[in-house]
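K.L.:
missing the sequence, but the structure's below:
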């Protein structure tokens with residue numbers, strides 16, 4: 001028996017008050033739909049169908065390359081109508097798992113029992129209990145406790161609205177039976193739509209037992225309808241990720257103040273201070289310390305490196321036992337070898353910083369190759385851009401660059417060379433020698449500074 005997943009993602013999401021389709025709004029740095037697709041993939045289905053409508057081309061473009069069978073719901077006439085559009089692509093003997101593109105926090109381990117129950121009973125619903133069920137469809141049970149129907153909030157009686165067990169919108173069903181019941185739906189309800197939930201009464205009428213699998217955590221099945229919901233989901237996911245990191249041995253100074261907007265892998269004895277943001281694919285080696293108010297994006301940081309506060313590292317390879325920051329910016333294309341140091345208010349771009357080399361203060365290094373044990377003084381600038389092209393600076397092992405130096409690329413500084421402070425170097429500086437390039441100092445006697453007119 002094959003498993004097919006249908007994800008409903010056609011809604012406009014008017015309450016988001018945004019031109020962006022609802023399922024593309026970011027949660028932890030990734031679209032809502034991406035989270036649902038990842039959950040579906042973890043169940044290893046034989047196919048994933050996504051029903052799209054509002055902003056459909058934009059949604060499809062965001063997931064180009066994913067193994068998705070796209071289904072158009074040109075007219076949004078309800079959840080039952082949406083599943084009707086996808087069902088012709090499913091074989092009658094398959095189990096269909098219906099997920100929602102705006103319910104991003106559900107876990108695979110919650111859905112597996114749902115799929116298994118559908119295989120045994122023919123129809124299984126995922127339910128949960130909430131303190132305030134307003135707005136949700138209520139699960140109606142008979143005297144024997146068996147599920148008999150789902151009543152939408154708008155259609156529910158006062159007694160039914162007091163029920164705290166709600167429908168999550170997620171279900172699994174044998175495709176052949178689902179198709180039969182979908183064909184019997186009507187629009188006789190407050191919304192004038194084809195409700196997928198109405199198949200419950202039809203199943204009961206056919207003598208099919210409806211299994212109800214209760215999700216233990218209501219947060220897991222929360223739907224995202226507005227920006228408040230989105231922020232709530234962000235907090236839930238933040239706590240979930242923080243708990244996983246701490247169980248894996250990571251020390252978080254404040255678990256409420258970390259944002260992982262992608263995937264973070266950590267070695268042993270990693271410490272992360274408050275208000276750190278990780279984006280994309282990030283890997284931290286053993287004994288790495290990340291200081292507060294730091295952003296790390298798509299980077300690998302090897303064992304023993306210490307990143308101090310207010311630093312930005314993106315698309316970089318950081319070696320072992322390096323020191324970065326505070327207030328350092330490591331831009332894409334940077335490689336720092338073992339023991340290298342980049343200090344406060346230093347920006348590095350598309351450069352190699354050799355082992356044991358230091359760029360400590362107020363400097364810009366771009367398009368450069370710096371050898372081992374080089375000292376780059378405060379206020380040094382590699383002048384790498386001529387307005388049209390980027391040029392490279394090469395600094396040999398053991399060189400010493402004085403403070404306030406401008407290295408006009410392309411230029412090469414030989415191994416062991418010393419560049420005097422305040423120099424502008426535009427020609428090769430020989431190895432082992434002192435090179436100084438300064439204009440002669442002059443005093444203009446009697447010169448008067450201009451003054452503003454009163």
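P.N.:
On my side now, so go ahead. This is a predicted model, so every value here is computed, not measured.

K.L.:
Strands along the stretch 151-300 of the chain, start to end?
P.N.:
Using DSSP state E, counting those that start in this stretch, the strands found in the stretch 151-300 of the chain span residues 165-174, 210-214, 251-252, 258-266, 271-272, 276-284, 289-290, 295-301.

K.L.:
how about CSV for these, with mean neighbour count, mean pLDDT and distance to residue 26 added?
P.N.:
To be clear about C-beta, it is placed using only N, CA and C from the backbone, and glycine gets the same treatment. Formatted as CSV, these follow (neighbours: other CB atoms under 10 Å; pLDDT from 0 to 100; distance: least, CB to CB, whole Å):
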stretch, mean neighbour count, mean pLDDT, distance to residue 26
strand 165-174, 24, 94, 21
strand 210-214, 21, 93, 29
strand 251-252, 16, 98, 22
strand 258-266, 19, 95, 8
strand 271-272, 22, 98, 22
strand 276-284, 20, 97, 11
strand 289-290, 22, 98, 22
strand 295-301, 22, 98, 14
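
K.L.:
residue ranges for the helices of the stretch 151-300 of the chain, please.
P.N.:
Per DSSP state H, counting those that start in this stretch, the stretch 151-300 of the chain carries helices over the ranges 158-161, 175-182, 199-205, 227-247.

K.L.:
With respect to residue 102, which of the strands of the stretch 151-300 of the chain lies nearest?
P.N.:
Among the strands of the stretch 151-300 of the chain, strand 165-174 comes nearest to residue 102, with 9.0 Å by CB to CB.

K.L.:
quick one: low-confidence parts of this protein?
P.N.:
For the chain, applying pLDDT under 70 flags the ranges 1.

K.L.:
any idea how it splits into domains?
P.N.:
3-221, 227-435 (automatic domain parsing).

K.L.:
can you put the ones you listed in a markdown table and add distance to residue 449?
P.N.:
Output for the domains of the chain, formatted as a markdown table (distance: least, CB to CB, whole Å):
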| stretch | distance to residue 449 |
| --- | --- |
| domain 3-221 | 53 |
| domain 227-435 | 23 |
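
K.L.:
Indicate which one of these is closest to residue 444.
P.N.:
Closest to residue 444 of the domains of the chain, according to CB to CB: domain 227-435, at 19.5 Å.

K.L.:
any idea how far residue 410 lies from residue 11?
P.N.:
56 Å (CB to CB, to the nearest Å).

K.L.:
on that earlier part again, okay if I get the helices of the stretch 151-300 of the chain as TSV plus distance to residue 434 and mean neighbour count?
P.N.:
Formatted as TSV, the helices of the stretch 151-300 of the chain follow (distance: least, CB to CB, whole Å; neighbours: other CB atoms under 10 Å):
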stretch	distance to residue 434	mean neighbour count
helix 158-161	86	11
helix 175-182	81	19
helix 199-205	85	20
helix 227-247	51	15
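
K.L.:
Would you reformat those helices as a markdown table and include distance to residue 418?
P.N.:
Below are those laid out as a markdown table (distance: least, CB to CB, whole Å):
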| stretch | distance to residue 418 |
| --- | --- |
| helix 158-161 | 82 |
| helix 175-182 | 77 |
| helix 199-205 | 81 |
| helix 227-247 | 46 |
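
K.L.:
Let me see the ranges of the strands in the stretch 1-150 of the chain.
P.N.:
Using DSSP E, counting those that start in this stretch, strands in the stretch 1-150 of the chain cover 3-9, 26-27, 30-31, 47-52, 69-72, 95-100, 123-129, 138-141, 147-151.

K.L.:
Mind listing residues that contact the first one?
P.N.:
The contact list for strand 3-9, computed with CB atoms under 8 Å, 6 or more residues apart in numbering, reads 23, 33, 36-37, 40, 43-52, 59, 71, 79, 82-83, 86-87, 90-91, 94-102, 115, 169, 175.

K.L.:
okay, now residue 375: neighbour count?
P.N.:
When neighbours are defined as other CB atoms under 10 Å, residue 375 has 18 of them.

K.L.:
How about residue 96: what's its closest non-neighbour residue?
P.N.:
Nearest residue to residue 96 in three dimensions, chain neighbours excluded: residue 175, at 4.9 Å (CB to CB, 6 or more residues apart in numbering).

K.L.:
Quick check: the gap between that neighbour and residue 110.
P.N.:
Relative to residue 110, residue 175 is positioned 22 Å away (CB to CB).

K.L.:
To residue 450, which of the domains of the chain lies closest?
P.N.:
Of all the domains of the chain, domain 227-435 comes closest under CB to CB, at 26.0 Å.

K.L.:
And that closest one, how far out from the chain middle?
P.N.:
22 Å (CA atoms, centre = their mean, to the nearest Å).

K.L.:
gap between the two ends of stretch 261-278?
P.N.:
6 Å (CA to CA, to the nearest Å).

K.L.:
Quick check: bridge partners of the closest residue to residue 241 other than its chain neighbours?
P.N.:
Excluding the flanking residues, the one nearest residue 241 by CB to CB, 6+ apart is residue 260, at 4.7 Å. Taking DSSP bridges as the rule, residue 260 bridges to residue 278.

K.L.:
and the gap between residue 260 and residue 244?
P.N.:
Per CB to CB, residue 260 is found 9 Å from residue 244.

K.L.:
Tabulate the strands of the stretch 151-300 of the chain (CSV), appending distance to residue 395.
P.N.:
Below are the strands of the stretch 151-300 of the chain laid out as CSV (distance: least, CB to CB, whole Å):
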stretch, distance to residue 395
strand 165-174, 59
strand 210-214, 64
strand 251-252, 37
strand 258-266, 33
strand 271-272, 33
strand 276-284, 29
strand 289-290, 28
strand 295-301, 23
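
K.L.:
wait, which of the ones you listed is closest to residue 230?
P.N.:
Across the strands of the stretch 151-300 of the chain, closest to residue 230 is strand 258-266 (CB to CB), at 13.4 Å.

K.L.:
what sits up against that closest one?
P.N.:
26, 28-30, 238, 241-242, 245, 248-250, 252, 272, 274-284, 288, 298.

K.L.:
Kindly calculate the angle that it makes with strand 295-301.
P.N.:
10 degrees (axes from the mean of the first three to the mean of the last three CA atoms, to 10 degrees).

K.L.:
Which one's more surrounded, residue 410 and residue 11?
P.N.:
A count of neighbours by other CB under 10 Å puts residue 11 above the other of residue 410 and residue 11, at 23 against 16.

K.L.:
check contacts around the nearest residue to that one once chain neighbours are set aside.
P.N.:
Nearest residue to residue 11 in three dimensions, chain neighbours excluded: residue 22, at 5.8 Å (CB to CB, 6+ apart). For residue 22, the contact set (CB under 8 Å, 6+ apart) comprises 11, 12, 13, 16, 32, 54, 101, 102, 224.

K.L.:
what does residue 121 give?
P.N.:
208, 209, 210, 211.

K.L.:
Among the residues you listed, give me the pair with the biggest separation.
P.N.:
For the contacts of residue 121, the maximum inter-member distance is 9.8 Å, found between 208 and 211 (CB to CB).
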